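Asker: Sequence first, then the predicted structure, then my questions.
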Amino acid sequence: GKWLVAQRQNKKNGKLDPIFVKQLEEIGVVWDMLSEARNVRFHMLQDYKDRRGDCNVPRNYTENEIELGGWLVSQRRSKKEGKLDPIFEKQLEEIGVVW
């Protein structure tokens, strides 16, 4: 917990030895948790589409204790407010998200 948070901060500040960074990556340490969470949800959305045929996830849809429907609502809100990363927006559109 706290130790890993400190290592992430040290890496961000350029204070972590590159060899140690590589060792941590080899055992699966994720440096950017927000990006990782977004990627997990994106892949869940792709799987949802593969199973259901579209990306029209109900607002209250939860899978593996992750609120996929709420996450998609949040992405749509971010797009509407001009806050969604354009590259990520394009990725969502490519898999069939309708705004």
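Answerer: Perfect, I can see it now. Residues are numbered from 1 along each chain as shown.

Asker: in what helix or strand does the most centrally placed residue in the chain lie?
Answerer: Centroid check for the chain by Cα atoms, centre = their mean gives Arg38 as the closest residue, at 0.9 Å. Element membership of Arg38 [criterion: DSSP states H and E] is helix 33-52.

Asker: what angle do the helix or strand following that helix and helix 33-52 make?
Answerer: Going down the chain from helix 33-52, the next helix or strand is helix 68-80, by DSSP H and E. Calculated by axes from the mean of the first three to the mean of the last three Cα atoms, to 10 degrees, helix 68-80 forms an angle of 110 degrees with helix 33-52.

Asker: Report the spatially nearest residue to the residue nearest to the centre of the chain, omitting neighbours in sequence.
Answerer: Phe88 (7.2 Å; Cβ to Cβ, 6 or more residues apart in numbering). To be clear about C-beta, it is placed using only N, CA and C from the backbone, and glycine gets the same treatment.

Asker: So for the helix or strand hosting Leu24, what gets flagged as buried?
Answerer: Assigned by DSSP H and E, Leu24 falls within helix 18-26. By 16 or more other Cβ atoms under 10 Å, the buried positions in helix 18-26 come out as Leu24.

Asker: can you list the weak-confidence ranges in this structure?
Answerer: Regions of the chain meeting the criterion pLDDT under 70 are absent.

Asker: Please report the distance of Lys80 from Trp99.
Answerer: Plainly put, Lys80 is 8 Å away from Trp99 if you go by Cβ to Cβ, to the nearest Å.

Asker: Repeat that for Glu67.
Answerer: For Glu67, the distance to Trp99 equals 19 Å [Cβ to Cβ].
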